[in-house]
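# need a structure here:
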Amino acid sequence: MTVSLWAASALLPEGERARVRVRCEAGRIASIETGVDPRAGDVRHENATLAPGLVDLQVNGGDGASYDDADAATRARATAYHLRSGTTGLLATLVTAPLAHLERALARLRADVAADGPVLGIHLEGPFLAEPKRGAHAGADLCDPTPDRVERVIAAAGPALRMVTLAPERAGALEAISKFAASGAVVAAGHSLATLAQLREAIPRGLSFVTHVGNASDWPSRPFDAQAGFRRSEPNVVGAFLVERRLRGSVILDGHHLHPELARALVELRGPEAVALVSDSTPAAGLPPGRYRMGGLDAEIRAEGYATTGESLAGSVVTLLDCVRAAVRLAGIPLATALRMASATPAAVLGLSDKKGSLLAGADADLLVLGPALELEAIYRMGVQVRAAAGRSGR
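Numbers count the residues shown, from 1 in each chain. Model prediction:
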């Protein structure tokens, strides 16, 4: 299939350009022309901007559907919801559960990952997390990453395992990091009380990422040093992310998980190439306010745009494009920067820069058409137009 798109502007890797034509053939971007007028046969977007399709590293579900569901059609409904909302590539995310349950869920999701499909792989967030920072994760199912447990996870997921979030301070974590990294997964610190020294010990083993910086990894009370006789300053995970250039990380910018001012400061300090936006979207995304059972948790969706369980936020109820909008409107991050954090940066984390996240000749033809208010006018995945979800108009 061949399609030629013309728009008033486009966000290219070298910056925003005016009057751009993007020609797509066989699912790839065949050519890009700038400073040109529309011609017969072009699909015209007169007052809009072409942008790369978004890549989300952390999606638990959406439209009432969870990625740990046994029914393939239910899992597909979650993917379709995010695709219609502008996310053209994602990591299906599983959270803490009994290991036998996770093995079955990993094996099912492994079958959902296709070469040209929107599900790019699996993100396993737990069960190797720290109890004091578990957030909404089930405390009874947390455990150490023993060699047997790690091997069971890798065997169940196979090459579909693209990211693992764990607490580097847990017993056996250093060996687990080495094994997960050797399997091809990005290994991330999250839900953790690790010290700067522990993180620096883990980095040579393969730790390269921090999951949702500032959430379930913020500074605890300062530890008392009995020998020195005072409470020492400890950077912990957030501080380590600030000072360790070998680490990249993600932030949930929905207006609730992370203060927008802090999000902007993180981007200014580390640069957009080091900070990826993620939605951490749960099955509650797209549902009206109310009480729901999600992933083994009883959660309440609030009218203000978030979900809680007990005293913790229970993931988010937004899409990645909503996070881009919040980055622009609440944090004051320039649109081109925010879009980079939701496309090129996560694609680079996954080693997919040649295929995803940028408008480049030869890359997959995943494109968004955004109106002046950042509303979705059109979505193309692999050169085929996708109908946008109702109600996602620049909120």
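# what sits against the residue nearest to the spatial centre of the chain?
Of all residues in the chain, the one closest to the mean position by C-alpha atoms, centre = their mean is Leu57, 2.6 Å from it. Neighbouring residues of Leu57 by C-beta atoms under 8 Å, 6 or more residues apart in numbering: 90-91, 123, 163, 250, 276, 278, 346, 349-350. Yep, even glycine has a C-beta here, placed from its N, CA and C like the rest.
# make it 10 Å
Counting by C-beta atoms under 10 Å, 6 or more residues apart in numbering, Leu57 touches 89-91, 93, 120-121, 123, 162-163, 165, 186, 188, 209, 211-212, 250, 276-280, 320, 342, 345-347, 349-350.
# same check, this time on Ala338
Taking C-beta under 10 Å, 6+ apart as the test, what Ala338 contacts is 253, 267, 272, 277, 321, 323-329, 331-332, 374.
# mind checking pLDDT for Gly394?
Model confidence at Gly394, expressed as pLDDT, equals 39.
# do Ile252 as well
On the pLDDT scale, Ile252 gets 94.
# Tell me how many other residues surround it.
26 (other C-beta atoms under 10 Å).
# what about the helices in this structure?
72-84, 99-112, 147-157, 173-182, 196-202, 236-243, 260-270, 320-329, 335-341, 344-349 (DSSP state H).
# Would you format those as JSON lines with distance to Gly290 and mean pLDDT included?
Converted to JSON lines, those look like this (distance: least, C-beta to C-beta, whole Å; pLDDT from 0 to 100):
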{"stretch": "helix 72-84", "distance to Gly290": "17", "mean pLDDT": "96"}
{"stretch": "helix 99-112", "distance to Gly290": "25", "mean pLDDT": "96"}
{"stretch": "helix 147-157", "distance to Gly290": "33", "mean pLDDT": "98"}
{"stretch": "helix 173-182", "distance to Gly290": "37", "mean pLDDT": "98"}
{"stretch": "helix 196-202", "distance to Gly290": "39", "mean pLDDT": "96"}
{"stretch": "helix 236-243", "distance to Gly290": "33", "mean pLDDT": "93"}
{"stretch": "helix 260-270", "distance to Gly290": "27", "mean pLDDT": "94"}
{"stretch": "helix 320-329", "distance to Gly290": "19", "mean pLDDT": "97"}
{"stretch": "helix 335-341", "distance to Gly290": "30", "mean pLDDT": "97"}
{"stretch": "helix 344-349", "distance to Gly290": "31", "mean pLDDT": "98"}
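# what's the offset of stretch 323-331 from the middle of its chain?
Taking C-alpha atoms, centre = their mean, to the nearest Å, one finds stretch 323-331 lying 15 Å from the centre of the chain it belongs to.
# can you check stretch 205-223 too?
Using C-alpha atoms, centre = their mean, the offset of stretch 205-223 from its chain centre is 16 Å.
# in that stretch, what counts as buried?
Buried residues in stretch 205-223, counting neighbours by 16 or more other C-beta atoms under 10 Å, are found at 205-217.
# And the buried ones among the contacts of Ala338, selectable in ChimeraX?
Entered in ChimeraX, the line below selects the buried ones among the contacts of Ala338, by 16+ other C-beta under 10 Å:
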select :253,267,272,277,321,323,324,325,326,327,328,331,374
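# and of the contacts of Ala338, the nearest to Glu234?
Set against Glu234, the nearest of these by C-beta to C-beta is Val267 (23.9 Å).
# Just give the nearest non-adjacent residue to the closest one, would you?
Excluding its sequence neighbours, the residue lying closest to Val267 (C-beta to C-beta, 6 or more residues apart in numbering) is Val275, at 5.2 Å.
# who's in contact with that neighbour?
210, 213, 241, 248-251, 253, 263, 266-269, 327, 333, 337, 340-341, 345.
# how much space between it and Leu57?
12 Å (C-beta to C-beta, to the nearest Å).
# Next, the contact list for Ala307, please.
By C-beta under 10 Å, 6+ apart, the neighbours of Ala307 are 136, 256, 282-285, 287, 289, 291-292, 294, 297, 299-301, 313-317.
# which residues pair with it across the strands?
With DSSP bridges applied, Ala307 shows beta-bridge pairing to Ile301.
# The chain should start at 49 in everything you say after this.
Shifting the count to begin at 49 puts that one at Ala355.
# Looking at the helices of the chain, which is nearest to Ser57?
Nearest to Ser57, of all the helices of the chain, is helix 383-389, at 10.4 Å by C-beta to C-beta.
# Could the C-alpha coordinates of the closest one be exported in PDB?
Output of helix 383-389 as PDB, limited to C-alpha atoms (Å, rounded to 0.1, in the frame of the first residue of the first chain):
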ATOM      1  CA  LEU A 383       6.100  20.100  22.200                       C
ATOM      2  CA  ALA A 384       9.000  18.800  20.100                       C
ATOM      3  CA  THR A 385      10.900  17.800  23.300                       C
ATOM      4  CA  ALA A 386       7.800  16.100  24.800                       C
ATOM      5  CA  LEU A 387       7.200  14.200  21.600                       C
ATOM      6  CA  ARG A 388      10.800  13.100  21.500                       C
ATOM      7  CA  MET A 389      10.500  11.800  25.100                       C
END
